[in-house]
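here's my sequence, what's the structure:
(one chain, ligands or ions: 1)
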Amino acid sequence: MSATILIVEDETRLGDILEEYLRRENYRVERAKDGARALELWRAAKPDLILLDLMLPIIDGFEVARKVRAESSTPIIMLTARDEELDKLLGLGLGADDYVVKPYSPREVVARVKAVLRRASGVLMPSEIYRIGTLEVDIHSFVVRCGGEVVALTTSEVKLLAVLAKTPGHVRQRAELLAATGDSDRYADERTVDAHVKNVRRKLGACGEMLETVRGMGYRLRV
Ligand code: CA
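This next block holds a predicted model:
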């Protein structure tokens, strides 16, 4: 049972190298060279993870990520060319699960793929459901519901929310939340946590109000 990785990269050579490295690790690989094809393949092949370049023909990576996130929690690792793109990414809060800045080593990309898939599988997490008011966080299936409606969050966002949901009413510090998300420490800092919280709050809709900022301390879920 090998996972399927969708590589979205318009530069053939870069895509070829990633494909070769991933196949060596026994992953199945699908390839798309533009954003429109990427969305078609995402629907058709149902990949377990998407490696997504940002600058793409027809539909760019930002838009692809937005469309995927609107409907699912399929893990996404963004391949960005510049630090400015990374800033834009974090600012937009598209919910990528990880980021790799070019030029990257294919070995590192494969390591990130493994880490994100491991995180997404939730193997290490206990099977538990936390309920606070109308909010429900299912750690086992990584499903979050507000008022019975499924909310599409990234795996990092679910993990962050789970920490808060385990101890409703208690303030959790940013550092603690950051550790829980398992985000790569290369780019992640407290700003990453703030960005996650902002996105989670927005995505939760009516339940978003429960997520409180405690100035100078961290965050908590109001009971
Ligand atoms: Ca490109």
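
only C-alpha atoms from now on, for both contacts and neighbour counts.
Will do.

ok, Glu85 - contacts?
Listed by C-alpha atoms under 8 Å, 6 or more residues apart in numbering, Glu85 has no contact partners.

pull the number of nearby residues for the closest residue to the ion within the chain.
Residue of the chain nearest the ion, by C-alpha to the ion: Met55 (4.1 Å). Here the number of neighbours of Met55 (other C-alpha atoms under 10 Å) works out to 18.

in the chain, which spans are strands?
Assigned by DSSP state E, the strands in the chain fall at 4-8, 28-32, 49-53, 76-80, 98-101, 129-132, 135-138, 143-146, 149-151, 172-173, 211-214, 218-221.

partner strands of the shortest one and their direction?
Strand 172-173 has these partner strands in its sheet, going by DSSP bridges: strand 218-221 (antiparallel).

give me the contact list for the partner strand.
The contact list for strand 218-221 (C-alpha under 8 Å, 6+ apart) reads 164-165, 168-174, 210-214.

go again with 10 Å.
With contact meaning C-alpha atoms under 10 Å, 6 or more residues apart in numbering, strand 218-221 is reached by 132, 161, 163-177, 190, 193-194, 197, 207-214.

what residue lies at the spatial centre of the chain?
Of all residues in the chain, the one closest to the mean position by C-alpha atoms, centre = their mean is Asp97, 2.7 Å from it.

one step back: residue contacts, the residue of the chain closest to the ion?
Applying C-alpha under 10 Å, 6+ apart, we find Met55 in contact with Glu9, Asp10, Asp34, Gly35, Gly61, Phe62, Leu79, Thr80, Ala81, Glu85.

cutoff 6 Å now
With C-alpha atoms under 6 Å, 6 or more residues apart in numbering as the criterion, no residue contacts Met55.

and Glu40, which of the strands of the chain is closest to it?
Glu40 sits nearest to strand 28-32 of all these, at 9.0 Å, using C-alpha to C-alpha.

can you tell me if the closest one touches the ion.
No. Contact of strand 28-32 with the ion (C-alpha under 5 Å from the ion) is absent, the minimum separation being 11.4 Å.

could you check the angle strand 4-8 makes with that strand?
Angle of strand 28-32 versus strand 4-8, following axes from the mean of the first three to the mean of the last three C-alpha atoms, to 10 degrees, is 20 degrees.

other SSEs contacting strand 28-32?
Other helices and strands packing on strand 28-32, by 3 or more C-alpha pairs under 6 Å, 6 or more residues apart in numbering; DSSP states H and E, are strand 4-8.
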